[in-house]
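Novice: my questions are about this predicted structure, shown below with the sequence.
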Amino acid sequence: MNRSLLLLDAFAAQPGDPVTRALAGVLESACAGRLPRFAQWLGLPPDAFRHMLDHCFPGAAQAGWAPDVPPQAPDSLPCEFADLVEMLEDGCTPGAAGTLVPLVHWAAHALACGCFGHTHLWQDMGLSGRDDVSALLRQVFWPVFAANTTDMKWKKFFYHRVCERLDIHPCPEPSCEGCDHYAACHGAESAIESAIESVIESVIVRQPRS
């Protein structure tokens, strides 16, 4: 079976569209082993996956493109996968739910799959850079994009947003430990917290003793 990204690109109904690029990139990364095996199906049931393939890449299935692993049952996917998809879908761009469905659903699954890689989200999604992820969010999930006011790395931001919705504290970090840039991506908030602690300590020291 030919599962290459080039084949998907050749059959793309809308080449260059952020959703199409995300879907093709995630599928290519999954087939190359950079994402878990369930990402070869985008975490979708077989019928829904084939509908996505026929809609976004018409003719690809007939040309031989297909996952090389069996689909996984929804209850066997990582526990936070459905939470990530639901968070994204709830934050879809106003009006998108009526005009872009099921593209919103497929884009949410692509982003959620990308969160289970071990490097930057854009790399695990087979994209060219962080701007590609931002472009997808601006188009399909504007409220999620706008909520990231501190420019947190997207994968980390998604997890924090899910934790806020579920009232989970402390929030577990995404699977980034093997990345060379882990400290840069996950140290900003710690640096801020340290600065705040230093200010608090200085205030305490300056308090008059009773």
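Specialist: Done, it's in. This is a predicted model, so every value here is computed, not measured.

Novice: helix or strand for the most centrally placed residue in the chain, which one?
Specialist: Closest to where the C-alpha atoms of the chain average out (Cα atoms, centre = their mean) is residue 111, at 2.7 Å. Here residue 111 sits within helix 103-114, counting by DSSP states H and E.

Novice: what are the ranges of the helices in the chain?
Specialist: 5-11, 18-31, 46-56, 81-90, 96-99, 103-114, 121-124, 130-140, 142-147, 154-166, 182-186, 188-206 (DSSP state H).

Novice: got a list of what the nearest residue to residue 42 once chain neighbours are set aside touches?
Specialist: The shortest distance from residue 42 to any non-neighbouring residue, by Cβ to Cβ, 6 or more residues apart in numbering, is to residue 109 (4.3 Å). Glycine gets a C-beta too; all of them are placed from N, C-alpha and C. Residue 109 makes contact with 42, 43, 44, 85, according to Cβ atoms under 8 Å, 6 or more residues apart in numbering.

Novice: surely the second one meets residue 115?
Specialist: In other words, residue 43. No - taking contacts as Cβ atoms under 8 Å, residue 43 lies outside contact range of residue 115: 10.9 Å.

Novice: neighbours of the closest residue in space to the residue nearest to the centre of the chain that isn't next to it in sequence, how many?
Specialist: Spatially, and ignoring its direct neighbours in sequence, residue 111 is nearest to residue 88 (5.9 Å; Cβ to Cβ, 6+ apart). Other residues near residue 88 come to 25 when the count uses other Cβ atoms under 10 Å.
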